[in-house]
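Asker: pasting the sequence and the predicted model now:
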Amino acid sequence: MKSAVLAAVVLCLAAVAPGQTTTTNTFTVGQNIPQGDPSGLTSTETLNFSSVPNFSSIVSLSVTLNISGGFNGGYYAYLVNNSGGFAILLNRPGTTAGNSLGYADSGLNITLSDASPNDIHTYQNESNPGGGALTGTWAPDGRNVDPATVVDTDARTALLSSFAGLNPSGQWTLFLADLDYGEQGQLVSWGLVVTAVPEPSSVALALLGLGIVLGVRRLTRRRV
């Protein structure tokens with residue numbers, strides 16, 4: 001009878017496992033980044049996905065980031081949502097125990113995704129833009145440590161997976177600081193690529209519970 005219980009559970013779970021939906025959202029900013037200033041700048045966008053069917057629980061999230069100019073080794077950026085989640089996108093790329101300044105390349109036009117195998121902090125191990133702007137898809141830095149002391153060997157604990165399960169609607173804030181003095185940098189634009197599914201409905205959950213209860217009762221009666 002255990003197989004009957006399992007079958008009931010599987011059938012009910014199938015009812016609460018709908019397809020995924022992905023939306024792409026791009027925000028134009030065009031604002032200079034204060035130089036050598038840890039207060040940086042913030043860009044906050046309020047998103048409402050109520051009109052998107054079956055789109056209320058984040059499965060995965062990636063971030064697009066377009067920064068022109070500046071000194072990449074001085075950039076520090078993070079993403080937060082008003083209902084939770086926190087990810088370090090950049091934490092002074094290139095800084096190591098032997099390099100306190102980081103990479104001297106100028107600008108980034110990239111996508112950040114946990115699915116990428118390549119860490120943005122050490123991007124020159126994979127791609128060297130030769131002083132120009134970095135492109136491509138990279139894993140976020142994730143090192144939730146003081147930018148003044150961050151190195152490549154620090155643990156990566158603040159990734160985009162922290163937003164999984166949250167409602168994508170609400171306020172999203174990108175923070176970006178340039179901790180280096182030198183060439184002026186500008187936040188051209190940023191964006192969110194959100195994949196989400198609906199929350200399990202109360203009806204589907206009730207059916208799941210009913211299937212389990214009936215299966216357990218039948219199993220108990222047969223044993224008696």
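Answerer: In hand now; what should we look at?
Asker: tell me the mean pLDDT over stretch 189-200?
Answerer: Across stretch 189-200, pLDDT averages out at 92.
Asker: with just CA atoms, put that stretch into PDB.
Answerer: Extracted in PDB, the C-alpha atoms of stretch 189-200 (Å, rounded to 0.1, in the frame of the first residue of the first chain):
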ATOM      1  CA  SER A 189      21.900  50.800 -17.000                       C
ATOM      2  CA  TRP A 190      21.100  47.600 -15.100                       C
ATOM      3  CA  GLY A 191      18.500  45.000 -15.300                       C
ATOM      4  CA  LEU A 192      16.900  41.800 -13.900                       C
ATOM      5  CA  VAL A 193      16.100  38.600 -15.700                       C
ATOM      6  CA  VAL A 194      13.600  36.900 -13.500                       C
ATOM      7  CA  THR A 195      12.300  33.300 -13.800                       C
ATOM      8  CA  ALA A 196       9.400  32.500 -11.500                       C
ATOM      9  CA  VAL A 197       6.500  30.100 -10.900                       C
ATOM     10  CA  PRO A 198       3.200  30.500  -9.100                       C
ATOM     11  CA  GLU A 199       2.800  29.800  -5.400                       C
ATOM     12  CA  PRO A 200       1.200  26.500  -4.600                       C
END
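Asker: run through who's touching it.
Answerer: Here stretch 189-200 makes contact (Cβ atoms under 8 Å, 6 or more residues apart in numbering) with 16, 18-30, 43, 47, 49, 53-66, 111, 168, 172, 174. (Each C-beta comes from the backbone N, C-alpha and C, glycine too.)
Asker: where do the strands sit along the chain?
Answerer: 21-32, 41-47, 57-69, 75-81, 86-91, 107-113, 134-138, 170-178, 185-197 (DSSP state E).
Asker: for those, which one sits closest to Asp152?
Answerer: strand 86-91 (10.0 Å; Cβ to Cβ).
Asker: strands paired with the closest one, and their directions?
Answerer: If you go by DSSP bridges, strand 86-91 pairs up with strand 75-81 (antiparallel).
Asker: and the strand it pairs with with strand 41-47, angle?
Answerer: Interaxial angle of strand 75-81 relative to strand 41-47 (axes from the mean of the first three to the mean of the last three Cα atoms, to 10 degrees): 30 degrees.
Asker: separate out the buried members of the contacts of stretch 189-200.
Answerer: Buried members of the contacts of stretch 189-200, scored by 16 or more other Cβ atoms under 10 Å, are 16, 21, 27, 29, 43, 47, 49, 55-56, 58, 60-66, 168, 172, 174.
Asker: I'd like the distance between Gly191 and Val151.
Answerer: 29 Å (Cβ to Cβ, to the nearest Å).
Asker: please apply the same query to Ile110.
Answerer: Taking Cβ to Cβ, one finds Ile110 at 21 Å from Val151.
Asker: what does Asn81 give?
Answerer: 28 Å.
Asker: OK, contacts around the closest residue in space to Pro129 that isn't next to it in sequence?
Answerer: Closest residue to Pro129 apart from its sequence neighbours, by Cβ to Cβ, 6 or more residues apart in numbering: Asp105 at 5.0 Å. By Cβ under 8 Å, 6+ apart, the contact set of Asp105 is Asn72, Pro129, Gly130, Gly131, Gly132, Ala133, Leu134.
Asker: so of those, which two are at opposite extremes in space?
Answerer: Asn72 and Gly130 (12.3 Å).
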